[in-house]
Structures are given as structure tokens and as C-alpha cells.
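Enquirer: Sequence and predicted model, in that order:
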Amino acid sequence: MATLETSQINPEQTSIFSSPYAFVDKSGDPVLIKPLSEKRHDQLKRLYLDYEPRDSFSGLPPILDEGCIKWVEGMIRDGLNLVAISFEKGIVGHAVIFPMDAKRCEMLIAVTPGYQNVGIGTQLTRCIIQLAFELEFERIWLAVEITNQIARHVYQKCGFEYISSSEVHELDMVLDLRHYHQMTGIAVGDIMNRKVIAIHKGMTCEDVIELFLRNHIASLPVVDDDNVLVGIVTETDMLMIGSGSQKVTDVLTKQVITVGQACTVSKVMRLFQSRKVRCIPVVDDTRRLIGVVGRKEVLARYSSKPQA
């Protein structure tokens with residue numbers, strides 16, 4: 001297994017290292033995913049020392065405390081480690097990738113039993129995939145217990161495929177990142193929807209509600225007389241109005257995430273995840289609205305991509 005030094009990895013340039021990822025789990029608790037810091041090494045050891053059953057991952061963690069501690073220290077030394085941090089308990093989840101060579105890595109994910117089934121494992125998996133992608137790995141390998149249906153579902157949902165099966169306890173899975181590399185360098189201008197449904201800032205909320213119902217969309221960009229983007233309104237905004245006669249300017253959100261045509265799909269995908277948005281307006285240098293890019297535009301491009 002390659003070490004971080006010999007593989008010349010620079011994780012400091014990745015988005016997860018520069019900007020930790022925060023989300024609210026299914027139980028309503030805030031969770032932060034970030035790189036493992038030295039001050040939390042003991043917390044990570046405690047996660048595995050307290051893990052039950054201790055040998056859950058094909059005989060890992062080691063049952064004896066001394067062996068378990070050495071195993072965790074090896075992961076800290078040889079891997080790239082992310083942790084999920086609960087504000088109440090501290091570290092409740094751990095994800096690590098180990099470089100096998102310049103293009104391949106192995107992955108391990110663990111969530112403490114009391115915090116399973118609330119979405120932490122899924123978010124850790126997505127973050128570790130993003131990390132591996134930004135570090136230009138082409139494949140991620142993992143092994144999962146045959147009986148661990150929850151983990152298998154999470155991995156399949158995140159794009160992993162079975163490559164072999166064991167007659168004993170494990171299934172091998174792999175995620176091929178090469179098609180992600182091909183896709184994510186594409187410019188937004190090549191996939192955006194130019195037929196934008198936009199609303200004028202002088203419209204009434206009643207008219208906007210009709211547009212929402214008629215077009216089955218969740219948000220609408222707001223423009224002025226020169227087609228300059230001035231804000232955005234959502235279905236939720238419409239639920240909070242006092243009267244349908246109110247103007248859009250009374251309820252719109254002025255701080256809007258935007259991108260230009262030259263922005264890459266890779267950056268847009270990170271914005272979808274980090275900002276919890278589904279659609280982003282595309283503007284020119286003068287903030288004139290020229291299109292929108294949403295998750296369906298990205299998915300449509302994936303589905304039309306010729307298979308290798």
C-alpha cells in the first residue's frame with residue numbers, strides 16, 4: 001500500500017479540506033464532516049474501542065484493545081481521514097481512503113451504532129468520493145459484509161458496483177471515477193437550460209404561484225427590465241406571504257448563488273451538495289440571466305454520455 005508521501009498526494013487543495021461540510025441528519029441533529037485533526041486522534045481511537053461488535057469489518061477492529069489502538073494509529077498514519085462530528089458526542093463517524101497506487105485507493109467507513117440509519121454514512125461516503133475524485137484517483141475499492149444490507153444499499157446508491165463475491169462473508173465493490181473525470185470538466189454553458197422561466201420583480205405573488213403550479217418547479221429567478229438577476233423566489237417563500245397581492249420584491253431572496261458559462265460541472269456539483277440547492281442561475285459578466293443549470297441537466301448529460 002502506497003503511503004501519502006510516496007504517492008505525492010496534496011489533500012490541502014481539496015474542497016473538503018478547505019471547507020468542511022455541514023448537514024442536518026435525519027434525526028434533526030447538526031453534523032460536521034471535516035478532516036481528522038491531531039487533537040481528535042484520541043476521540044477516533046475511542047470510537048473504535050467502543051464499537052460493538054468490535055470485529056464488525058471482516059475481523060476489524062481487532063478485539064484486543066492494544067491491537068485496536070495500533071490499527072487506528074495505522075489508519076491515521078497511512079490514510080486520508082475524514083470524521084463526522086456531532087456537537088453533543090464528538091466523533092460519530094469515520095471515513096478513510098488508503099492509496100494503493102497513483103490511480104487506485106481503498107475505502108473504509110464506520111458510523112458508531114447509536115448514530116446509524118440517520119444519513120451520516122451516506123454523507124461520509126459522498127464526501128470521501130469527492131475527496132478521491134479531486135485527488136484524481138480513478139477507482140475506489142471496498143469490501144462489505146454480505147449481511148450488512150444497509151451499507152450495501154448506501155454504497156450502491158453512491159455508485160459502487162459489485163465485482164466479485166466471496167463464499168465466506170465479504171463482497172468486493174468498486175466505484176469507477178473515470179467517467180466522473182470525463183463529465184465534470186464540462187462547462188456549464190454546454191449543458192445549461194437556456195429556456196429560462198424567469199419572473200419580473202414587479203409581478204404579484206398571486207401570478208408567481210400560478211407559474212409554480214403550472215410549471216412544476218420549485219424556484220424562479222427574478223429579473224429587472226434589463227434581464228439583470230436581482231433575486232430568486234421559492235415555493236416556500238410563497239407559503240409565507242400575507243397576501244397574493246404582495247409584490248415579488250417583498251419576498252425575494254437577494255443573495256443568490258450564481259455561476260458563469262465557463263464554470264465546470266464539477267464546481268456546480270459541489271455547490272449542489274454544500275449549499276443544498278437544486279438549481280443555479282447562470283449569468284454573464286453584467287449579471288444578465290442567460291440560463292439555469294440544475295440537477296436534471298447534469299443527470300441528462302450523464303444519461304446521454306456514450307458508454308466506454
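Expert: Perfect, I can see it now.
Enquirer: which residues touch Arg152?
Expert: Counting by Cβ atoms under 8 Å, 6 or more residues apart in numbering, Arg152 touches Val144, Leu171, Met173. Bear in mind the C-beta positions are built from the backbone N, C-alpha and C, glycine included.
Enquirer: chain center to the host helix or strand of it: distance?
Expert: For Arg152, the host element (DSSP states H and E) is helix 149-157. Computed by Cα atoms, centre = their mean, to the nearest Å, the chain-centroid distance of helix 149-157 equals 16 Å.
Enquirer: Buried residues, that helix. List them.
Expert: Ala151, Arg152, Val154, Tyr155 (16 or more other Cβ atoms under 10 Å).
Enquirer: biggest separation within those residues, which pair?
Expert: The distance between the two most remote of the buried residues of helix 149-157 (Cβ to Cβ) is 7.4 Å, for Arg152 and Val154.
Enquirer: Any stretches of the stretch 201-308 of the chain with poor pLDDT?
Expert: Confidence mapping of the stretch 201-308 of the chain against pLDDT under 70 gives the ranges 273-274, 299, 301-308.
Enquirer: how long is stretch 226-244 end to end?
Expert: Stretch 226-244 has an end-to-end distance of 25 Å (Cα to Cα, to the nearest Å).
Enquirer: which parts of it are buried?
Expert: Asn227, Leu229, Val230, Gly231, Ile232, Val233, Thr234, Asp237, Met238, Ile241.
Enquirer: Which members of these are positioned in helices?
Expert: Asp237, Met238 (DSSP state H).
Enquirer: which one of the buried residues of stretch 226-244 is nearest Arg270?
Expert: Distance ranking of the buried residues of stretch 226-244 against Arg270, using Cβ to Cβ, places Ile232 first at 19.4 Å.
Enquirer: need the strands for the stretch 51-200 of the chain, in chain order.
Expert: 80-86, 90-99, 104-111, 139-145, 161-165, 170-176, 199-200 (DSSP state E, counting those that start in this stretch).
Enquirer: just the buried residues of stretch 226-244 now: which is nearest Ser219?
Expert: Thr234 (4.5 Å).
Enquirer: Bridged to the closest one, which residues?
Expert: As for beta bridges, Thr234 partners with Ser219 under DSSP bridges.
Enquirer: So it sits against Pro221, correct?
Expert: No: checked against Cβ atoms under 8 Å, the pair Thr234 and Pro221 is beyond contact range at 10.8 Å.
Enquirer: returning to that earlier point: let's have the buried residues of stretch 226-244 in a markdown table, adding distance to Lys70.
Expert: Putting the buried residues of stretch 226-244 into a markdown table (distance: Cβ to Cβ, whole Å) gives the following:
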| residue | distance to Lys70 |
| --- | --- |
| Asn227 | 63 |
| Leu229 | 56 |
| Val230 | 59 |
| Gly231 | 56 |
| Ile232 | 53 |
| Val233 | 56 |
| Thr234 | 51 |
| Asp237 | 55 |
| Met238 | 58 |
| Ile241 | 61 |
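Enquirer: which stretches of the stretch 151-300 of the chain form helices?
Expert: Secondary structure of the stretch 151-300 of the chain, counting by DSSP state H, counting those that start in this stretch: helices at 178-184, 205-215, 235-239, 265-275, 295-304.
Enquirer: Dump the ones you listed into CSV; add distance to Ile163 as well.
Expert: Output for these, formatted as CSV (distance: least, Cβ to Cβ, whole Å):
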stretch, distance to Ile163
helix 178-184, 15
helix 205-215, 43
helix 235-239, 42
helix 265-275, 25
helix 295-304, 21
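Enquirer: Sweet, I'm off.
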